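Peer 1: Predicted structure and sequence below. I'll ask about it afterward.
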Amino acid sequence: MITRHVELPGSHRPVKGDAKRVRDADPQARVEVTITLRGPKLPDASHLPSAPLSPEQFRKQYGASAADAEKVSQALTPLGLKVEEVSLPTRSMRVSGSVAAMEDAFQAHLGIYDSSSQGHFRGREGAIKVPLELAGIVTGVHGLDQRRVARRKPAVAEPLARAAQALSPLSAADLEARYSFPPGEGEGQTIAIAEFGGGYFPDDLAAYCAKQGRAVPAVTVQSVNLAALTLADIQQLPPQQQQEELDETAEVMMDIQIAAGLCPKSNLVVYFATFDQKGWVDLLNQVVAGTPVLPVTLSVSWGMAEDAPDWSPGALDAINTALNAAALQGITVCVASGDDGSGDEMTDSHAHVDFPGSSPFVLSVGGTMITGTTLSSTETVWWESPGRRTNKGGGATGGGVSVLFPRPSWQDVSVKSLNAGSIDGRVVPDVSALAGPPLYDLLLLGRDAPNGGTSASTPLWAALVARLNASLPAGKQQRFLPPLLYQNGPTGQPRGQTGCQDITSGQNASHPHPGKGYKAGPGFDAVSGWGTPNGTALLGLL
């Protein structure tokens, strides 16, 4: 069958930087892709409605058309592909078939690549093409390439600077007190948590809650396209892979324990997805579709520099569109700003910010550290030499100005990009909380395992969003939080300014690249945002 094809805009991908193609993919191997479809234009970040849409309202106003889905099915089925699922609300279809059929349908030469950072994976290079009759209908094809685009590094061995800290890791009660959490335990709220690897150890959660004197919340493990590992699963792996999965699990359990300690009466839904572009799209699609239930907040402690070459423009657009859908439904997606300072793991002379934290449809969360003693402590921007993570320690909050996403009208702040000639882009973070010393009091494998990073400050803010929502009256609940922080409250000052504790000291320069960073100062800045939460004050302002 002869089919004419046209290039799919935004689908081009270069070879992964540290990867080499070693062979063609097995023509008979099964592949599943997620196809995204066009739909009515969503309101941009500057024109979000004041009241959230219900899932039904969103589906009716912004879902894809059944006619478009049928056209895709009619075009791809004769090429040997099978439609597994159609979701009009999320404008997506899951389609499966052999490597040979996928190559025929999308004109992509799939191969097996070897990477020093990822090992063997299926990938591609160049652009995808779609059948001519689907031009303008299909906006993305995600899943042909399995390269990693979700990163978060585990804490390294404790450096001397941390060992000398006079303060102990903070418990749930310590965090509530420091950040003036409003009363309650997150009753009736659903907190979603995004994970792209690792496992879930319920025994550690039970032990943590017992240590903190908190009830164990209800936890639902939602396998998107990846199963959460158990300890028995990990123990069957080769030694090096065991350690990698335990490192990932430490990060997963940190997210869950922080949310559980602060919201023991909330329902936690932990989504597990593959760390490629398809995993991001599929996970966010399930969240915005309310599978299994629509959350008030989603905590995302993963990301990568927004302008890293491993992202395809089409995937950035698909992920940002899903985040837009979440904001329209009043879901506050809390996203870590990164742990590698102004360089964000890039090695050029420019400053970079992390995606999806740079999206205008999320609450970007930065990091602080606390020094001193229990009687006299000071909270500043998190920065430990050399301002990025290394095998000897270090780290710093991400923050800066996006080079991809325009600054929404509600973010009326004066912050200039360090990159000459750059746009006045979205500024991150919006807010911050503890990320560095003295860390969070956590458990892994039944033992104390203090941890931190903006991967920890993010679930803290997600827990606060749930606590706030539980205390707000009807009509004030389930609202996308970021624009409200920049709007003036009853005092005539921005709510973020009066509802947060200003962090005025510190910076986030990473060395040697780019060797410069953003600085904290009075009011809003690009390393701490509005500052750390004063939950009780914020509740009154909302």
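Peer 2: Great, that's in hand.
Peer 1: So which residues of the stretch 1-150 of the chain form helices?
Peer 2: Counting by DSSP state H, counting those that start in this stretch, the segments of the stretch 1-150 of the chain that form helices are 55-62, 66-76, 99-106.
Peer 1: deepest of those, which one?
Peer 2: Compared across the helices of the stretch 1-150 of the chain, helix 99-106 shows the largest average neighbour count, a mean of 22 (mean count of other CB atoms under 10 Å). For every residue, glycine as well, the C-beta is placed using N, CA and C.
Peer 1: Which neighbouring elements make contact with that helix?
Peer 2: Packing partners of helix 99-106 (3 or more CB pairs under 8 Å, 6 or more residues apart in numbering; DSSP states H and E): strand 30-37, strand 129-131.
Peer 1: Can you tell me what sits against the longest one?
Peer 2: Applying CB atoms under 8 Å, 6 or more residues apart in numbering, the external contacts of strand 30-37 come out as 64, 68-69, 72, 84, 91-99, 102, 110, 122, 137-144, 225, 278, 281-282, 285, 318, 321.
Peer 1: still on that earlier bit, wait, which of the helices of the stretch 1-150 of the chain is closest to residue 266?
Peer 2: Taking CB to CB, helix 55-62 is the member of the helices of the stretch 1-150 of the chain nearest to residue 266, at 19.8 Å.
Peer 1: In the chain, where's the longest helix?
Peer 2: helix 239-262 (DSSP state H).
Peer 1: can you pull the buried residues of that helix?
Peer 2: If you call a residue buried by 16 or more other CB atoms under 10 Å, then helix 239-262 has these buried ones: 244-262.
Peer 1: quick one: strands adjacent to the helix or strand following it?
Peer 2: Next helix or strand after helix 239-262 toward the C-terminus (DSSP states H and E): strand 267-272. Applying DSSP bridges, strand 267-272 is found paired with strand 190-195 (parallel), strand 218-223 (parallel).
Peer 1: related to what we said a few turns ago, now the longest helix of the chain - C-alpha only, CSV.
Peer 2: Taking Å, rounded to 0.1, in the frame of the first residue of the first chain, the C-alpha atoms of helix 239-262 are listed here in CSV:
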residue,chain,number,x,y,z
PRO,A,239,24.0,-5.4,42.0
GLN,A,240,24.5,-2.1,40.1
GLN,A,241,20.9,-2.0,38.9
GLN,A,242,19.8,-2.8,42.5
GLN,A,243,21.6,0.4,43.7
GLU,A,244,20.1,2.5,40.9
GLU,A,245,16.6,1.3,41.7
LEU,A,246,17.1,1.8,45.5
ASP,A,247,18.3,5.4,44.7
GLU,A,248,15.2,6.0,42.7
THR,A,249,13.0,4.5,45.4
ALA,A,250,14.6,6.7,48.0
GLU,A,251,13.3,9.7,46.0
VAL,A,252,9.8,8.1,45.6
MET,A,253,9.5,7.4,49.3
MET,A,254,10.6,10.9,50.1
ASP,A,255,7.8,12.3,48.1
ILE,A,256,5.3,10.0,49.7
GLN,A,257,6.5,10.4,53.2
ILE,A,258,6.5,14.2,53.1
ALA,A,259,3.0,14.3,51.8
ALA,A,260,1.8,11.7,54.2
GLY,A,261,3.4,13.3,57.2
LEU,A,262,1.7,16.7,56.5
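Peer 1: by how many degrees do that helix and strand 218-223 diverge?
Peer 2: 140 degrees (axes from the mean of the first three to the mean of the last three CA atoms, to 10 degrees).
Peer 1: Need the residues that contact stretch 289-300.
Peer 2: For stretch 289-300, contacts defined as CB under 8 Å, 6+ apart pick out 55, 87, 89-90, 189-194, 220, 222, 255, 259, 267, 269, 287, 326, 329-336, 356, 362, 458-459, 461-462, 465-466, 469, 477-478.
Peer 1: Show me how far stretch 299-306 is from its chain's centre.
Peer 2: Computed by CA atoms, centre = their mean, to the nearest Å, the chain-centroid distance of stretch 299-306 equals 4 Å.
Peer 1: How about stretch 512-520?
Peer 2: Averaging C-alpha positions (CA atoms, centre = their mean) puts stretch 512-520 23 Å from its chain's average.
Peer 1: Pull out the buried positions in it.
Peer 2: By 16+ other CB under 10 Å, the buried positions in stretch 512-520 come out as 513-514, 516-520.
Peer 1: which residues touch residue 29?
Peer 2: So residue 29 contacts 98-99, 122 (CB under 8 Å, 6+ apart).
Peer 1: Can you tell me how far residue 512 is from residue 347?
Peer 2: As judged by CB to CB, to the nearest Å, residue 512 and residue 347 stand 9 Å apart.
Peer 1: before we move on, what about residue 106?
Peer 2: Residue 106 sits at a distance of 32 Å from residue 347 (criterion: CB to CB).
Peer 1: same deal with residue 22?
Peer 2: Counting by CB to CB, the separation of residue 22 from residue 347 is 25 Å.
Peer 1: Grab the nearest non-local neighbour of residue 348.
Peer 2: Among residues not flanking residue 348 along the chain, residue 513 sits closest, at 6.5 Å (CB to CB, 6 or more residues apart in numbering).
Peer 1: could you say which helix or strand contains that neighbour?
Peer 2: Counting by DSSP H and E, residue 513 is part of no helix or strand.
Peer 1: middle-most residue in this protein, spatially?
Peer 2: A centroid search over the chain (CA atoms, centre = their mean) returns residue 300, at 3.2 Å, as the residue closest to the centre.
Peer 1: and residue 336, what are its bridge partners?
Peer 2: Under the criterion DSSP bridges, residue 336 forms beta bridges with residue 365.
Peer 1: returning to that earlier point: the strands paired with strand 267-272: which one's closest to residue 48?
Peer 2: Ranking the strands paired with strand 267-272 by proximity to residue 48 (CB to CB) places strand 190-195 first, at 19.9 Å.
Peer 1: Let me know how buried residue 218 is, in neighbour terms.
Peer 2: Using other CB atoms under 10 Å, residue 218 has 13 other residues around it.
Peer 1: how near is the residue lying closest to residue 452 once chain neighbours are set aside to residue 255?
Peer 2: Leaving aside its sequence neighbours, residue 452 sits nearest to residue 439 (CB to CB, 6+ apart; 4.3 Å). Using CB to CB, residue 439 is found at 15 Å from residue 255.
Peer 1: before we move on, what about residue 316?
Peer 2: Note on residue 316: its distance to residue 255, by CB to CB, is 24 Å.
Peer 1: Check residue 72 too.
Peer 2: Using CB to CB, one gets 36 Å for the distance from residue 72 to residue 255.
Peer 1: In the stretch 151-300 of the chain, where is pLDDT below threshold?
Peer 2: For the stretch 151-300 of the chain, the stretches flagged by pLDDT under 70 are 153-165.
Peer 1: if you set the cut-off to 80 instead, what comes out?
Peer 2: Where the stretch 151-300 of the chain drops to pLDDT under 80, the residues are 153-166.
Peer 1: again, but for the chain
Peer 2: Counting by pLDDT under 80, the ranges of the chain that qualify are 1-3, 153-166, 374-375.
Peer 1: hang on, the earlier thing: I'd like the helices and strands packed on helix 99-106 laid out as a markdown table, including distance to residue 308 and mean neighbour count.
Peer 2: A markdown table is the format used below for those (distance: least, CB to CB, whole Å; neighbours: other CB atoms under 10 Å):
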| stretch | distance to residue 308 | mean neighbour count |
| --- | --- | --- |
| strand 30-37 | 21 | 21 |
| strand 129-131 | 24 | 23 |
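Peer 1: Which of those sits closest to residue 210?
Peer 2: Set against residue 210 and scored by CB to CB, these come closest in strand 30-37, at 40.4 Å.
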